[in-house]
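Participant: what's the 3D shape of this:
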Amino acid sequence: MVLSNYVFIIITIISIKNKREEMKKLTTTLSLVSIFSLGIHASSTLEDRIKALESKNEVLTEEILASQSGGFTLVDTEKSFNGLGPAASKIYFSESPFSIGGYGEMFYANPDNGDDFADIYRFITYIGYKFNDWVILNTEIEYEHGDTSAGGKAVVEFFHLDFLLSDKLNLRVGNLLVPMGITNIRHEPTLFNTIQRAEIERQLIPSTWHENGVLAYGRFDDVGIEYTAGVVNALNVDNNDAKNNDEGSADGWIRSGRIGSNKNGSFSPAFVGRIDYTGINGLVVGASAYHGNGSNLKNPVAGVATDDLTNTMFDIHGRYENGRFKAYGLYTQTNLDSPVSFGVNAVEEANGYYGNVAYDIGSLVGINYQLPVFAQYENYNPVAKTRSGGADESKYARETTTVGVNFWPADQVVVKLDYEMDTIGKGTTTEQEINSVQFGFGFIF
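Facilitator: From the prediction side, this is the model:
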């Protein structure tokens with residue numbers, strides 16, 4: 001009886017051992033099959049997985065930087081939101097709800113008709129905040145010329161809420177950049193290669209032009225179309241620069257009409273619209289238009305009828321990039337329909353155009369940095385036509401040729417050198433030529 005029990009136990013142990021060996025072999029086989037099948041799947045999707053990991057790494061890097069720096073987000077110089085510059089666009093692409101950015105520019109000029117000088121021209125801060133994934137605050141505060149006691153100023157250049165509804169329709173409400181021209185919505189110094197912004201975009205557009213209003217904007221990717229349209233506060237061209245005074249009109253009549261973020265500014269609605277075609281890689285071409293009442297005064301001059309004073313502006317613009325080559329430019333025209341009380345020499349039309357071409361010779365001269373050389377030509381007249389033609393319109397005509405070079409030590413920093421040749425009133429008794437050597441730098445962050 002005892003012997004039989006021992007035999008049974010021994011047989012059971014041997015059986016269990018054999019089953020364990022079989023299970024081990026089966027498990028090993030199944031593991032090998034699984035590993036082999038996973039390997040085949042992994043190899044077939046390796047490229048997709050690498051791309052996904054790179055994307056996650058970029059997000060994690062940005063989140064780590066944001067957490068270490070209290071919400072700071074790096075600038076992606078390749079990204080633009082609704083046509084804004086890269087630094088102004090940061091908040092729309094940031095993983096952090098809080099974003100701080102900005103830009104600055106400083107230059108030295110040596111004109112041949114006066115003393116040389118240096119100017120801390122602009123320092124700008126962008127502050128943005130995401131209340132949620134579709135309500136965003138974006139702001140720009142500008143400090144000009146370094147010292148408010150010596151002609152400098154501090155001003156809010158935009159301050160608005162964006163309501164992101166869809167790719168095709170979004171809303172912007174507040175004090176905002178008027179979507180005209182090239183430079184007005186893309187005025188960061190890394191986006192133009194002259195030291196000064198094109199003068200035509202200062203006087204005739206006039207940059208930086210920001211007004212209270214509401215805009216709708218969006219894009220249709222299937223046809224490569226972006227649009228912006230809405231209502232903004234009108235320019236006040238009911239000013240002495242636009243009137244006669246029997247001496248013709250001054251050249252700053254459009255620029256001096258800006259209301260901006262002035263707390264005492266009245267509101268008179270004007271329409272503005274913009275459309276751009278972006279369907280070809282590297283090319284942006286489009287047009288903008290503005291129309292409004294030209295008198296935006298709280299207390300208009302008694303006895304002067306300004307109800308029929310209207311102001312219409314349009315531009316055709318474009319820019320193109322292909323490898324080392326870049327080009328941009330525009331044509332713009334403004335028409336003023338003024339009352340008889342403005343006088344026979346009141347401005348009736350301003351117009352002009354400019355073009356800029358650049359080519360990067362960095363690799364050609366053996367350096368691993370961008371080194372674009374450029375040339376720019378401007379031709380415009382802020383008083384191209386008066387009501388009667390009695391004023392000497394040609395004395396305000398201006399031609400400017402600028403040549404120079406940029407050096408990019410980093411993709412957010414540019415050092416500039418140019419030579420500007422300016423002729424005002426060409427062919428008239430008041431013709432004036434001014435040449436100037438300028439050196440400066442700009443940056444975004």
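Participant: how about Cys182: what's its closest non-neighbour residue?
Facilitator: Actually, residue 182 is Ile rather than Cys. His317 (5.1 Å; Cβ to Cβ, 6 or more residues apart in numbering). Every C-beta, even on glycine, is put in place using the N, C-alpha and C of the backbone.
Participant: is it true that the one you found touches Ala327?
Facilitator: No - with contacts counted by Cβ atoms under 8 Å, His317 stays clear of Ala327, the gap being 11.7 Å.
Participant: which of these two has more neighbours?
Facilitator: The neighbour comparison of His317 against Ala327 (other Cβ atoms under 10 Å) goes to His317, with 22 against 15.
Participant: how about the contacts made by the more buried one?
Facilitator: Contacts for His317 were tallied using Cβ atoms under 8 Å, 6 or more residues apart in numbering; they are Gly181, Ile182, Val285, Gly286, Ala287, Ser288, Tyr328, Gly329, Leu330, Tyr331.
Participant: give me that answer again for 7 Å
Facilitator: Gly181, Ile182, Gly286, Leu330 (Cβ atoms under 7 Å, 6 or more residues apart in numbering).
Participant: just to be sure, Thr228 is in a strand?
Facilitator: Yes - Thr228 forms part of a strand when assessed by DSSP: H, G, I helix; E, B strand; the rest coil.
Participant: helix, strand, or coil at Asp308?
Facilitator: Following three-state DSSP, we place Asp308 in the coil state.
Participant: make that Ile316, sorry
Facilitator: Secondary structure of Ile316, reduced to three states by three-state DSSP: strand.
Participant: neighbours of it, how many?
Facilitator: By other Cβ under 10 Å, neighbour count at Ile316 equals 14.
Participant: low-confidence stretches in the protein?
Facilitator: Along the chain, segments meeting pLDDT under 70 span 1-45, 47, 49, 51-72, 244-249, 298-307, 390-392.
Participant: ok, now which ones touch the residue lying closest to Tyr217 once chain neighbours are set aside?
Facilitator: Distances taken as Cβ to Cβ, 6+ apart put Thr228 closest to Tyr217, at 4.1 Å, once the chain neighbours are dropped. Applying Cβ under 7 Å, 6+ apart, one finds that Thr228 lies in contact with Asn82, Pro179, Leu215, Tyr217, Gly273, Arg274.
Participant: now with 10 Å?
Facilitator: Going by Cβ atoms under 10 Å, 6 or more residues apart in numbering, Thr228 touches 82-83, 170, 172, 176-180, 185, 215-219, 272-276, 286, 288.
Participant: from these, which land in helices?
Facilitator: Assigned to helices by DSSP state H, none of the contacts of Thr228 qualify.
Participant: now the residues you listed: which count as buried?
Facilitator: 82-83, 170, 172, 176-180, 185, 215-219, 272-274, 276, 286, 288 (16 or more other Cβ atoms under 10 Å).
Participant: measure how buried the nearest residue to Leu164 once chain neighbours are set aside is and give me the count.
Facilitator: Setting aside the residues directly before and after it, Leu164 is nearest to Trp134 in space (Cβ to Cβ, 6+ apart), at 4.5 Å. If you count neighbours by other Cβ under 10 Å, Trp134 ends up with 12.
Participant: my read is that Trp134 contacts Asp162, right?
Facilitator: Yes - contact between Trp134 and Asp162 holds when scored by Cβ atoms under 10 Å: they sit 8.5 Å apart.
Participant: returning to what we had before: bridged to the residue nearest to Tyr217, which residues?
Facilitator: Tyr217, Arg274 (DSSP bridges).
Participant: how far away is the residue lying closest to Thr310 once chain neighbours are set aside from Trp408?
Facilitator: Excluding the flanking residues, the one nearest Thr310 by Cβ to Cβ, 6+ apart is Asp337, at 4.7 Å. According to Cβ to Cβ, to the nearest Å, Asp337 and Trp408 sit 46 Å apart.
Participant: got it, and Leu235?
Facilitator: From Leu235 over to Trp408 (counting by Cβ to Cβ), the distance is 36 Å.
Participant: between those two, point out the one with more neighbours.
Facilitator: For Leu235 versus Trp408, the count of surrounding residues by other Cβ under 10 Å is larger for Leu235: 29 against 16.
Participant: what's near enough to touch the more buried one?
Facilitator: Contacts here follow Cβ under 10 Å, 6+ apart; on that basis Leu235 touches 178, 206, 209, 211, 253-259, 268, 270, 290, 292-296, 311, 313, 334.
Participant: rerun at 6 Å
Facilitator: For Leu235, the contact set (Cβ atoms under 6 Å, 6 or more residues apart in numbering) comprises Gly257, Asn311.
Participant: just Gly213 next, same as before
Facilitator: Gly230, Val231, Val232.
Participant: the same query, at a cut-off of 7 Å, please.
Facilitator: The contact partners of Gly213, by Cβ under 7 Å, 6+ apart, come to Leu176, Gly230, Val231, Val232, Asn233.
Participant: what helix or strand is it located in?
Facilitator: Using DSSP states H and E, Gly213 falls within strand 210-220.
Participant: Leu336 versus the closest residue to Thr386 other than its chain neighbours, what's the distance?
Facilitator: Take Thr386 and drop its neighbours on the chain: the residue closest to it by Cβ to Cβ, 6+ apart is Asn345, 5.0 Å away. Distance, Asn345 to Leu336, by Cβ to Cβ: 12 Å.
Participant: cool, and Ala118?
Facilitator: According to Cβ to Cβ, Ala118 and Leu336 sit 37 Å apart.
Participant: kindly report the same for Tyr103.
Facilitator: Distance, Tyr103 to Leu336, by Cβ to Cβ: 33 Å.
Participant: helices of the stretch 251-400 of the chain, residue ranges please.
Facilitator: Here the stretch 251-400 of the chain has no helices by DSSP state H, counting those that start in this stretch.
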